[in-house]
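Engineer: Provide a 3D model corresponding to the input given below.
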Amino acid sequence: LNIGLSLMVLLSLLPIGILQTMACIDHGLWWARSADFLYQPLLETLKWMRIPGDVVFAGAALILSFQFFRLVFASFSTRKETP
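Structural biologist: Next comes the predicted model:
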């Protein structure tokens, strides 16, 4: 889970945030939040770079969920019934 979150931050969120900060300082908040800025080819590529981190995070979440349900159902099957 942590590796997936780290990939999302390092590959996508941090670079976009830095570019938005620079645009905000140079041109103002209105430009950094405008569609013209957000749909530039570089920012579109950085948005797609989030997918590897998402995949790793989702895979880890599925594994964690599988382990949880396996333990829960294993505890139900090993319980002894009292008379």
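
Engineer: where does the protein have low pLDDT?
Structural biologist: 78-83 (pLDDT under 70).

Engineer: now with 50?
Structural biologist: Scanning the chain for pLDDT under 50 picks out no residues.

Engineer: what's the helix or strand harbouring Asp26 packed up against?
Structural biologist: Using DSSP states H and E, Asp26 maps to helix 14-27. Under the contact definition 3 or more CB pairs under 8 Å, 6 or more residues apart in numbering; DSSP states H and E, helix 14-27 sits against helix 29-32, helix 41-48. C-beta here means a position set from N, CA and C on the backbone, and glycine is covered the same way.

Engineer: What are the buried residues along the longest one?
Structural biologist: With burial defined by 16 or more other CB atoms under 10 Å, the residues of helix 41-48 counted as buried are 43, 46.

Engineer: Quick one: list the elements packing against it.
Structural biologist: Short answer (3+ CB pairs under 8 Å, 6+ apart): helix 41-48 packs on helix 14-27.

Engineer: Could you tell me the angle between the direction of the helix it packs on and that of helix 41-48?
Structural biologist: Taking axes from the mean of the first three to the mean of the last three CA atoms, to 10 degrees, one finds helix 14-27 and helix 41-48 inclined to each other by 150 degrees.

Engineer: Need the CA coordinates for helix 14-27. PDB is fine.
Structural biologist: This file holds the C-alpha atoms of helix 14-27, laid out as PDB (Å, rounded to 0.1, in the frame of the first residue of the first chain):
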ATOM      1  CA  LEU A  14       4.000  16.200  -6.600                       C
ATOM      2  CA  PRO A  15       5.100  17.200 -10.100                       C
ATOM      3  CA  ILE A  16       1.600  18.600 -10.900                       C
ATOM      4  CA  GLY A  17       1.600  20.500  -7.600                       C
ATOM      5  CA  ILE A  18       5.000  22.000  -8.300                       C
ATOM      6  CA  LEU A  19       4.000  23.100 -11.800                       C
ATOM      7  CA  GLN A  20       0.700  24.600 -10.400                       C
ATOM      8  CA  THR A  21       2.600  26.400  -7.700                       C
ATOM      9  CA  MET A  22       5.000  27.900 -10.300                       C
ATOM     10  CA  ALA A  23       2.100  28.900 -12.500                       C
ATOM     11  CA  CYS A  24       0.300  30.500  -9.500                       C
ATOM     12  CA  ILE A  25       3.400  32.500  -8.600                       C
ATOM     13  CA  ASP A  26       4.100  33.600 -12.200                       C
ATOM     14  CA  HIS A  27       0.500  34.200 -13.500                       C
END
